[in-house]
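Peer 1: build the 3D model from these lines:
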Amino acid sequence: QVLLVESGGGLVQPGGSLTLACVVSENIFRISDMAWYRQAPGEQRELVASISRVDETKYEDSVKGRFTISKDKPKNTVYLQMNNLKPEDTAVYYCNSKPSPYIRATGVQYDHWGQGTQVTVSS
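Peer 2: All right, here's what the predicted structure looks like:
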């Protein structure tokens, strides 16, 4: 069974910080590109940040310089460090795993999601 379990959401004031964590099943973590998405009420889910199996990172323009995605390989965990949070960052944040291109070329396909964690930025 594949599990992605998020934690770390909450209520924070503008300018504050939060760190989200996603613990991933070991067998998936080793072969996946990982990402954080978010979905605000009435909006489509959007990609926030990604980190590849070989640790290449990408960020959505509005979070560049404020958010950092990272991995702790011994703990099978992906983090999203969020600094200088703004009200427009308010959303449910989801962890996602997909096979890396190398693995996908072997025919392996999946698209796993966590249950989501609420982040609210408000004074």
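Peer 1: drop to CA atoms for contacts and neighbour counts, all remaining ones
Peer 2: Will do.
Peer 1: the residue nearest to the spatial centre of the chain pairs with what?
Peer 2: With the centre of the chain defined as its mean C-alpha position, the nearest residue by CA atoms, centre = their mean is W36, 2.2 Å away. Beta-bridge partners recorded for W36 (DSSP bridges): A49, C95.
Peer 1: and the residue located most distally from the centre of the chain, helix, strand or coil?
Peer 2: Within the chain, T106 marks the point farthest from the mean C-alpha position, 25.0 Å out by CA atoms, centre = their mean. Secondary structure assignment for T106 (DSSP: H, G, I helix; E, B strand; the rest coil): coil.
Peer 1: could you pull up phi and psi at it?
Peer 2: T106 has phi and psi values of phi -90, psi 0 when expressed as degrees, to the nearest 10.
Peer 1: same question, I28
Peer 2: Per degrees, to the nearest 10, the backbone of I28 is at phi -90, psi -40.
Peer 1: which residues touch the closest residue to G114 other than its chain neighbours?
Peer 2: Leaving aside its sequence neighbours, G114 sits nearest to L4 (CA to CA, 6 or more residues apart in numbering; 4.7 Å). By CA atoms under 8 Å, 6 or more residues apart in numbering, the residues touching L4 are C22, V23, V24, S25, C95, N96, H112, W113, G114, Q115.
Peer 1: what about this protein, any weak spots by pLDDT?
Peer 2: Residue ranges of the chain with pLDDT under 70: none are present.
Peer 1: how about stretch 15-34 as PDB, C-alpha atoms only?
Peer 2: What follows is stretch 15-34 as a C-alpha-only set of coordinates in PDB (Å, rounded to 0.1, in the frame of the first residue of the first chain):
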ATOM      1  CA  GLY A  15       5.000  37.300   7.200                       C
ATOM      2  CA  GLY A  16       5.100  34.100   9.200                       C
ATOM      3  CA  SER A  17       6.600  30.700   8.400                       C
ATOM      4  CA  LEU A  18       5.400  27.100   8.300                       C
ATOM      5  CA  THR A  19       7.100  23.800   7.300                       C
ATOM      6  CA  LEU A  20       5.000  21.100   5.700                       C
ATOM      7  CA  ALA A  21       6.200  17.500   5.800                       C
ATOM      8  CA  CYS A  22       5.200  14.500   3.700                       C
ATOM      9  CA  VAL A  23       6.200  11.000   4.700                       C
ATOM     10  CA  VAL A  24       6.200   8.700   1.700                       C
ATOM     11  CA  SER A  25       6.300   4.900   1.400                       C
ATOM     12  CA  GLU A  26       9.900   3.900   1.000                       C
ATOM     13  CA  ASN A  27       9.400   1.900  -2.200                       C
ATOM     14  CA  ILE A  28       7.800   4.900  -3.900                       C
ATOM     15  CA  PHE A  29      10.100   7.500  -2.500                       C
ATOM     16  CA  ARG A  30      13.200   6.000  -4.000                       C
ATOM     17  CA  ILE A  31      11.900   6.100  -7.600                       C
ATOM     18  CA  SER A  32       9.700   9.200  -7.600                       C
ATOM     19  CA  ASP A  33       9.700  12.800  -8.500                       C
ATOM     20  CA  MET A  34       7.900  14.600  -5.700                       C
END
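Peer 1: nice, that's everything, thank you.
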